[in-house]
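# Following is a predicted model, sequence given first.
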Amino acid sequence: MSIFNSIEEVKKHLENLSSLSALNPEHYAPEEGIADRIATESEKEMKFTQIRKFFAHIKKIEAELGGDTKAKIDRTKLYLLMPELAYGVGREVISKKFYDIMKVCLSGDKITTVADFKRFVELLTAVVAYSKFSKFKDKKGGSK
């Protein structure tokens, strides 16, 4: 298991991947992994409803994809996600850190196939889960 101590470490790790399908669940799924780090470092500057809204948009795109994981995807819808996120940053409901991580994931050649996009969805699913978990811990007074 990999522990990521900062959002910068997460960003560098993602930048070094050849594609998102190369992202190992061992790196993003556990506590103190990539998803947990994104959630905990973004939570104070971000509204949960906004990440949930973005996630719903991603899930809609996923539903439109076929089942062939090697198929190339039309990147048009991915490009259109960045202005949506930028608008959220401008309204101060999306964290700049979250925006920067999504920019790494959505730009370049990180997502070219259905398999890459599905891994992106898995990562965001974990981020949403850790965001909700973090809110629960705050409410109950728990800690890691």
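Received the coordinates, thanks. Numbers count the residues shown, from 1 in each chain.
# Below-threshold pLDDT in the protein: ranges please.
Residue ranges of the chain with pLDDT under 70: 1-2, 135-144.
# Now do the contacts for the residue nearest the centre of the chain.
Ranked by distance to the mean C-alpha position of the chain (Cα atoms, centre = their mean), the top residue is Leu124 at 3.9 Å. By Cβ atoms under 8 Å, 6 or more residues apart in numbering, Leu124 lies in contact with Phe54, Phe55, Ile58. Bear in mind the C-beta positions are built from the backbone N, C-alpha and C, glycine included.
# and of the residues you listed, the nearest to Leu14?
Among the contacts of Leu124, Ile58 lies closest to Leu14 (Cβ to Cβ), at 16.1 Å.
# didn't the closest one look like it was pressed against Glu122?
No: with contacts counted by Cβ atoms under 8 Å, Ile58 stays clear of Glu122, the gap being 10.7 Å.
# who's more crowded, those two?
More neighbours surround Ile58 than the other of Ile58 and Glu122, with 20 against 16 (other Cβ atoms under 10 Å).
# so the more buried one sits in a helix?
Yes: if the criterion is DSSP: H, G, I helix; E, B strand; the rest coil, then Ile58 is within a helix.
# measure it to Leu78 for me?
10 Å (Cβ to Cβ, to the nearest Å).
# quick one: contacts for Leu65?
Neighbour list for Leu65: Ala71, Ile73, Val114, Phe117, Lys118 [criterion: Cβ under 8 Å, 6+ apart].
# nearest to Met102, of these?
Each of the contacts of Leu65 was scored against Met102 by Cβ to Cβ, and Phe117 proved nearest at 13.3 Å.
# burial of the closest one, as a residue count?
Residues near Phe117, counting by other Cβ under 10 Å, number 25.
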